[in-house]
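K.L.:
Pasting the sequence and the predicted coordinates here, then a few questions.
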Amino acid sequence: MTYRLYNRRCSGGFVVEATLTLAETAFELVELESELGTELPDSFRKINPWGQVPVLILPDGTTMTETAGILIYLAAQFPNQKLAPAPGTSAYASFLRWTVFASVNVYEAVARSSYPHRFTTDLVGRDAIGAAATQRMREALGIIEAHVEGPYLLGPDMSVADIYIAMLYLWSGRQVPTPNLDAIIDQVQQHPVVSPIWERHYGDW
């Protein structure tokens, strides 16, 4: 059995798809026929009870969810592909820091902004939740911007954290002046392996 990735176009599985492709490993892509911004069908909860993509089924049948966790796992599974710095180094510590930071503070803020009804039972308060989430997202991106070592997040080599953050930065609408993140997203878009995957997901953004 190979890896099986469940996703829908423009969702977080983009970065998992890119990572699997960079790892040069076989995988099956299952794209759900569901519009971005809508709830996935209840039947999908048999695969992920939380009702979200991406979901990665490992070759042994183990189910993985949570994009950041999947990226960290795959980077460890394919060390020769240099998807992340070597474990035990200070650069790897930074990789873990910023991958988790982006997940907790940027990805989650995007979710609150896009699906405010999940975070309140007060219909009147939904707009305020969305506005606060957008502000929080901008602040988090500003912190990442200030810590980019250049030309990539961790220095001269691209890691899957760069692809992840480029995706989240695109989702944010690129509304803050962040030249370092602009440079990262441009390099990710132009990467010979990642570029066609980016184009399929985000070419019309």
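P.N.:
That came through, no problem. What you see is a predicted model; the values in this text were computed from it and never measured.
K.L.:
Kindly tell me how buried Phe78 is, as a neighbour count.
P.N.:
Residues lying near Phe78 (other Cβ atoms under 10 Å) number 17. Using the backbone N, CA and C atoms, a C-beta is placed for each residue, glycine as well.
K.L.:
pLDDT wise, what is the nearest residue to it once chain neighbours are set aside at?
P.N.:
Spatially, and ignoring its direct neighbours in sequence, Phe78 is nearest to Ala23 (4.1 Å; Cβ to Cβ, 6 or more residues apart in numbering). The predicted structure scores Ala23 at 98 on the pLDDT scale.
K.L.:
for Ala23, what are its contacts?
P.N.:
Contacts here follow Cβ atoms under 8 Å, 6 or more residues apart in numbering; on that basis Ala23 touches Leu74, Gln77, Phe78, Gln81, Leu83.
K.L.:
run the last query once more with 10 Å
P.N.:
The contact partners of Ala23, by Cβ atoms under 10 Å, 6 or more residues apart in numbering, come to Tyr3, Leu74, Ala75, Gln77, Phe78, Asn80, Gln81, Leu83, Val160.
K.L.:
Let me know whether His191 touches Leu22 as I believe.
P.N.:
Yes: under the criterion of Cβ atoms under 10 Å, His191 makes contact with Leu22 at 8.7 Å.
K.L.:
more crowded one of those two?
P.N.:
Neighbour totals were compared for His191 and Leu22, and Leu22 leads with 21 against 17 (other Cβ under 10 Å).
K.L.:
hey, C-alpha coordinates of the lowest-mean-pLDDT helix or strand in the chain in PDB?
P.N.:
Across the helices and strands of the chain, mean pLDDT, DSSP states H and E gives its lowest value to helix 108-114, namely a mean of 84. This file holds the C-alpha atoms of helix 108-114, laid out as PDB (Å, rounded to 0.1, in the frame of the first residue of the first chain):
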ATOM      1  CA  GLU A 108      -6.100  28.700  13.200                       C
ATOM      2  CA  ALA A 109      -6.700  32.400  12.600                       C
ATOM      3  CA  VAL A 110      -7.600  31.600   9.000                       C
ATOM      4  CA  ALA A 111     -10.100  29.000  10.200                       C
ATOM      5  CA  ARG A 112     -11.700  31.500  12.600                       C
ATOM      6  CA  SER A 113     -11.900  34.200   9.900                       C
ATOM      7  CA  SER A 114     -13.400  31.800   7.300                       C
END
